[in-house]
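Asker: Provided below are the primary sequence and the corresponding predicted coordinates.
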Amino acid sequence: MDFSASQILTEDFTTEQINAIVADARLQIEAEEQFLN
C-alpha cells in the first residue's frame, strides 16, 4: 500500500487508532509469513 499517494495526515488519527492499524498490519504480515512457510 502506498500511503504517500493517499496523503494521509497523522493528525487525522488518534494514537489508539494508529496503534490499532499497526497491530492489524503486523498480524496480517505474520499470517502471510506463516502461510508462505
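Answerer: Cool, the structure landed.

Asker: C-alpha from now on. contacts and neighbour counts both.
Answerer: Fine.

Asker: Sketch out the low-pLDDT regions of the chain for me.
Answerer: The chain contains residues with pLDDT under 70 at 1-11.

Asker: show me where it has helices.
Answerer: Per DSSP state H, the chain carries helices over the ranges 3-6, 15-36.

Asker: just those: most buried one?
Answerer: Burial of the helices of the chain is given as mean neighbour count (mean count of other C-alpha atoms under 10 Å); helix 15-36 ranks first at a mean of 11.

Asker: what does it contact?
Answerer: For helix 15-36, contacts defined as C-alpha atoms under 8 Å, 6 or more residues apart in numbering pick out no residues.

Asker: chain center to that helix: distance?
Answerer: 6 Å (C-alpha atoms, centre = their mean, to the nearest Å).

Asker: Also stretch 20-37?
Answerer: With C-alpha atoms, centre = their mean, you get 10 Å for stretch 20-37.

Asker: then it to CSV, C-alphas only?
Answerer: Extracted C-alpha coordinates of stretch 20-37, given in CSV (Å, rounded to 0.1, in the frame of the first residue of the first chain):
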residue,chain,number,x,y,z
ALA,A,20,-4.6,-0.5,16.1
ILE,A,21,-3.8,-0.1,12.4
VAL,A,22,-0.1,-1.0,13.0
ALA,A,23,-1.1,-4.0,15.2
ASP,A,24,-3.5,-5.2,12.5
ALA,A,25,-0.9,-4.8,9.8
ARG,A,26,1.6,-6.9,11.9
LEU,A,27,-1.0,-9.6,12.3
GLN,A,28,-1.6,-9.7,8.6
ILE,A,29,2.2,-9.9,7.9
GLU,A,30,2.6,-12.7,10.4
ALA,A,31,-0.3,-14.7,8.9
GLU,A,32,1.2,-14.3,5.4
GLU,A,33,4.6,-15.4,6.6
GLN,A,34,3.1,-18.5,8.2
PHE,A,35,1.1,-19.2,5.0
LEU,A,36,4.2,-18.9,2.9
ASN,A,37,6.3,-21.2,5.2
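
Asker: And Lys14, how close does it get to Glu33?
Answerer: Just to correct that, residue 14 is Thr rather than Lys. Thr14 sits at a distance of 29 Å from Glu33 (criterion: C-alpha to C-alpha, to the nearest Å).
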